[in-house]
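>>> would you be able to build a 3D model of this:
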Amino acid sequence: MAGKLDKRVTIALIGTASVCGAGLAYYLYNRHFHSSEESIEIELNLESAQLEWLGTVSDKYTDGDVAIAMKKVVDHCQVASEDPKAAETIFKKVRCNSCGKKEKLPFTVSLLQKQVDFLGDAAKKYEITAGNDKCMRVMLEYAINDAQESSIFGD
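Below is the predicted model of the structure:
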């Protein structure tokens with residue numbers, strides 16, 4: 001009886017070690033994969049209402065991580081803008097939420113290099129002369145007013 005019990009314990013330990021090893025390998029792979037994408041801290045001047053919206057959706061979809069929420073907005077706009085009609089909707093549609101000067105607040109976020117490049121490229125392509133700040137505000141206005149949250153953040 002003791003031999004069978006020892007064999008079962010040994011098999012259970014080997015199984016547990018295999019699962020833990022696979023989990024560790026997956027963790028290390030993900031860590032390496034994501035760390036190979038260079039992040040850049042960028043300061044943007046965003047409208048207070050946009051920051052409030054980012055806070056709300058980040059609580060709802062990204063466990064409160066505003067940077068992830070912002071990255072998802074940029075990624076969504078980048079993919080969507082491959083369609084010329086969608087690009088017009090995102091970057092050319094005028095969305096005047098309130099006349100007059102809007103309160104803008106400095107906000108520092110880490111974005112991937114490819115996302116910062118997209119901001120600059122989109123600003124040039126669509127003649128957004130105020131650069132990355134305005135380009136990000138335009139994308140946020142699109143996300144807030146014209147896009148489906150589920151298409152940006154998933155269900």
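>>> low-confidence ranges, this structure, go.
Low-confidence segments of the chain (pLDDT under 70): 1-10, 12-13, 15-36, 96-101, 155.
>>> closest to the centroid, which residue in it?
By Cα atoms, centre = their mean, the chain has its centre lying nearest to residue 71, at 2.3 Å.
>>> how near is it to residue 45?
Using Cβ to Cβ, to the nearest Å, residue 71 is found at 18 Å from residue 45. No exception for glycine: its C-beta is placed from N, CA and C like everyone else's.
>>> over to residue 121?
From residue 121 to residue 45 the distance is 20 Å (Cβ to Cβ).
>>> enumerate every residue touching residue 95.
Applying Cβ atoms under 8 Å, 6 or more residues apart in numbering to residue 95 gives the contacts 138, 141-142, 145-146.
>>> packing partners of the helix or strand harbouring residue 49?
Residue 49 is part of helix 48-61 when elements are defined by DSSP states H and E. Helices and strands touching helix 48-61, by 3 or more Cβ pairs under 8 Å, 6 or more residues apart in numbering; DSSP states H and E, are helix 66-80, strand 104-112, helix 131-145, helix 149-153.
>>> the ones you listed: which one's closest to residue 94?
Checking these against residue 94 by Cβ to Cβ gives helix 131-145 as the closest, at 9.7 Å.
>>> quick check: angle from the closest one to helix 66-80?
90 degrees (axes from the mean of the first three to the mean of the last three Cα atoms, to 10 degrees).
>>> quick one: helix 131-145 to chain centroid distance?
Once both centres are worked out by Cα atoms, centre = their mean, to the nearest Å, helix 131-145 turns out to sit 14 Å from its chain's centre.
>>> now do it: everything it contacts.
Helix 131-145 has contacts (Cβ under 8 Å, 6+ apart) with 42, 44-47, 49-50, 53-54, 70, 73-74, 76-77, 89-91, 93, 95, 97, 104, 116, 119-120, 122-123, 126, 128, 152.
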